[in-house]
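A.B. asks: only the shape, not the letters, is given here:
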């Protein structure tokens, strides 16, 4: 088609012949109805829409020119359409893939409820008469059992982490208590429960016994304990039996006692959940125990009468009460307890460090042999044992416990005492000096003991400034109907006090009182209102006794380390005390007692360095240097062992 | 195929999601028997949405990650089938749309209500004696202000289900009717948090 033909066509139709108009004619108005070209992309909502207005403008300009031409030229004018092609817009795809979730799963065996052989299964039947087990309000959390650091495998750790709170476990298993335990006691049980090596080092009087018994009880219910050996000082055996009867009546307990044949029979008895033995007895039965240890390695030794294995091949738990008794690693007691085969090792002590860090090393040789190096600095040792040791003090956990009031009775010696004392010291120092190279620590000890005894009583005249003050104080105690405990290092001093204080009805509890009479002494002191004073030696009465009915404690003389003094004081200052405990510490001025007191203060600081975050790092031991220094003497050349 | 426990043996599922600022989201799912003892525990590796997901999912990202991705995956991964799944995370309620198990949100206890459960504490409070209350739930089911949840009481606990799954309320009430009164529906979430914390140590 040529241009002439194209121009004769309008939108493809034949053009009509033009209608002639007379000249001049009215210029036709250029009514522009431009064709609007719109473009739609092949996929309309793809990504972008195209703005065509610019193209429309360009197109409109050409149409205006065409219209102008049409005004000049005869109408109609054909319009030509052109297809426009634009570039296709780029589409950008964003992947929204669902994240891949990786899952790790753990399954737990349903809890067992084993038969407790030898136990008294009456805990459920007694439920109606006993206090309800502890329960919690929703959202209160409770006491959680947390795995110790030496459990590494995640599955094993989760086994403990995912257990219900301790209060729920106890309630679920209908474990009743004669008294509602304190929250810190639940914490103690939760601490012991998962551990194979642990030291419960609570301050005396916070209920270590109850916490250990409850942990044992719970583990027995869970089937994790079947045989327990409890080792304690001899005077405490009956105390432990009493505590078991109170806190875990369903567990039968046997005290190992009697002659060798009887003890061998007791060791051999099957189905005894808890055996209680004292340290001395354990040493005597060492042979029996070690033969049992051999049996655990595959042999099956028989006892002398051929009736069967001598002792259980392995105890599930060996628990040491007053565990400071094994602080000497080379001692027979330590060696015997370490030789007993066991799965768990627990130690109870209020004084894990009595003198030096060696004490703690000795205890850990029983718990985790080789774990503690003796040469560790106190602060570093404290960090190392942190996960194994739980130590709470009364002031932190027992807001309701009555206060412990200290009175330091700093007394002048009587003139007679002073004269005797001065003469003894002068002569003693001269003698020590004259010994020269033959001087030993034993010589120094002898002089110290001699001087300390004079500080109590003048051996010549019998006068005592301490006695005068004590008698005056006891008047007040007796008048108020209260009771007091007087501690001394020497039985001789206690005997003298008993004679001088007879008006207060004194009772004696020390090494010369046969063990079988000691419980009766305590009971009489507790129940007889005319007995106001109990005279105790540090050695016999320092541990394990509950004397919270006594409101006064007198330290007539001072022991070698503060831990033993604390043990003594806490016989009275413990749970159940119904009022403040007044502790009077006698100290004679300008004597050996004053110098020893200074060293005791340093030992307290050592303890704090290991078991708290307090600053410290003082001298860690009462060394020979310090003992010689009491008399301004220099130690002869030689080794330097701990003296006390 | 694993054997699935029947619903008559009351196994409860507890699911929570912990958000760690550096590592992302950790899901934890704990199955307990009726005494509160653990039967199974499952947890996810950390999950972190990318920027595109955050932009494009908008407000639906939480329910998608917590409910569909983490929650539903954990529940399906377990061997045992619980009679109900409880969560303390509202976005995780979305898993109910992908599971056959009723799902509910456990709300924290009202502090004012907790003292009565502890006899030791109760002695320290004065109790007001009014006319006897009617038996039954103390609070009738009602909707939250935004209309998304239906709140209801179950014993001493406060629960909620999405309005879109209101039928779950009856199912949960029926299935948990025999649960011991002492069973604490809030406490298990603390265990999951600790367990996730233990598991997270291995991820570092």
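C.D. replies: In hand now; what should we look at? Nothing here was measured: the structure is a model prediction, and the numbers come from that model. Numbers count the residues shown, from 1 in each chain, chains lettered A, B, ... in the order given.

A.B. asks: wait, what's in contact with residue B:195?
C.D. replies: A:158, A:161-162, B:28, B:30, B:41, B:43 (C-beta atoms under 8 Å, 6 or more residues apart in numbering or on different chains). (C-beta placed from N, C-alpha, C; glycine too.)

A.B. asks: 10 Å instead, please
C.D. replies: A:106, A:154, A:157-158, A:161-162, B:26, B:28, B:30, B:38, B:41-43 (C-beta atoms under 10 Å, 6 or more residues apart in numbering or on different chains).

A.B. asks: which one of these is nearest residue A:501?
C.D. replies: residue A:161 (57.8 Å; C-beta to C-beta).

A.B. asks: so where's the chain uncertain?
C.D. replies: Since you didn't name a chain, this refers to chain A. Counting by pLDDT under 70, the ranges of chain A that qualify are A:1-61, A:64, A:67-77, A:110-141, A:205, A:291-312, A:400, A:541-544, A:575-576, A:612-644.

A.B. asks: my bad, chain B
C.D. replies: Using pLDDT under 70, chain B drops low at B:1-9, B:110-147, B:202-204.

A.B. asks: got the end-to-end distance for stretch A:558-577?
C.D. replies: One end of stretch A:558-577 to the other measures 24 Å (C-alpha to C-alpha, to the nearest Å).

A.B. asks: give the buried residues for it.
C.D. replies: Buried residues in stretch A:558-577, counted by 16 or more other C-beta atoms under 10 Å in any protein chain shown: A:558-575, A:577.

A.B. asks: what's the spacing between residue B:88 and chain A?
C.D. replies: 11 Å (C-beta to the nearest C-beta, to the nearest Å).

A.B. asks: residue A:571 touches residue A:534, doesn't it?
C.D. replies: Yes - counting by C-beta atoms under 10 Å, residue A:534 is a contact partner of residue A:571 at 9.3 Å.

A.B. asks: which residues do these two both contact?
C.D. replies: Each of A:485, A:487, A:541, A:545, A:547, A:550 lies in contact with both residue A:571 and residue A:534 under the rule C-beta under 10 Å, 6+ apart.

A.B. asks: what bridges to residue A:405?
C.D. replies: Beta-bridge pairing of residue A:405 under DSSP bridges involves residue A:582.

A.B. asks: now swap in the one 5 residues further on and tell me
C.D. replies: Counting by DSSP bridges, residue A:410 forms beta bridges with residue A:587.

A.B. asks: burial count for it?
C.D. replies: 14 (other C-beta atoms under 10 Å in any protein chain shown).

A.B. asks: do the same with the one 10 residues further on
C.D. replies: By other C-beta under 10 Å, 20 other residues sit near residue A:420.

A.B. asks: picking up where we left off before, next step: the buried residues of stretch A:558-577 restricted to helices.
C.D. replies: If you go by DSSP state H, those have A:562-569 in helices.

A.B. asks: go ahead and measure how far stretch A:403-422 is from the middle of the chain.
C.D. replies: 40 Å (C-alpha atoms, centre = their mean, to the nearest Å).

A.B. asks: gap between the two ends of that stretch?
C.D. replies: 39 Å.

A.B. asks: what comes up buried for it?
C.D. replies: Per 16+ other C-beta under 10 Å, stretch A:403-422 contains these buried residues: A:404, A:409, A:411, A:413-414, A:416-418, A:420-421.

A.B. asks: residue A:475 reaches residue A:482, doesn't it?
C.D. replies: No - when contacts are counted by C-beta under 10 Å, residue A:475 is not listed as touching residue A:482 (11.5 Å).

A.B. asks: those two: which is more packed in?
C.D. replies: Neighbour tally, residue A:475 and residue A:482, criterion other C-beta under 10 Å: the higher count belongs to residue A:482, 16 against 13.

A.B. asks: which stretch of helix or strand covers the more buried one?
C.D. replies: Using DSSP states H and E, residue A:482 is not contained in any helix or strand.

A.B. asks: can you give me the helices for chain B?
C.D. replies: Counting by DSSP H, the helices of chain B are B:51-57, B:61-62, B:72-77, B:111-114, B:119-122, B:167-175, B:187-201.

A.B. asks: equivalent analysis for the stretch 351-500 of chain A, please.
C.D. replies: A:357-367, A:378-384, A:394-397, A:415-435, A:441-456, A:465-479, A:491-500 (DSSP state H, counting those that start in this stretch).

A.B. asks: so of these, which one's packed in deepest?
C.D. replies: Each of the helices of the stretch 351-500 of chain A was scored by mean neighbour count; the highest is helix A:357-367, a mean of 23, by mean count of other C-beta atoms under 10 Å in any protein chain shown.

A.B. asks: give me the distance from it to the chain's centre.
C.D. replies: Worked out by C-alpha atoms, centre = their mean, helix A:357-367 lies 17 Å from the chain centre.

A.B. asks: kindly report the same for stretch A:179-191.
C.D. replies: With C-alpha atoms, centre = their mean, you get 11 Å for stretch A:179-191.

A.B. asks: what about residue A:458, neighbour count?
C.D. replies: Residue A:458: 21 neighbours (other C-beta under 10 Å).

A.B. asks: measure residue A:249 to residue A:188 for me?
C.D. replies: 20 Å (C-beta to C-beta, to the nearest Å).

A.B. asks: so which of these two has more stuff around it?
C.D. replies: Set residue A:249 next to residue A:188 and count neighbours by other C-beta under 10 Å: residue A:188 wins out with 27 against 17.

A.B. asks: tell me the secondary structure at that one.
C.D. replies: Three-state call for residue A:188 (DSSP: H, G, I helix; E, B strand; the rest coil): helix.

A.B. asks: grab the nearest non-local neighbour of it.
C.D. replies: Nearest in space to residue A:188, with sequence neighbours left out and distances taken as C-beta to C-beta, 6 or more residues apart in numbering or on different chains, is residue A:211 at 3.8 Å.
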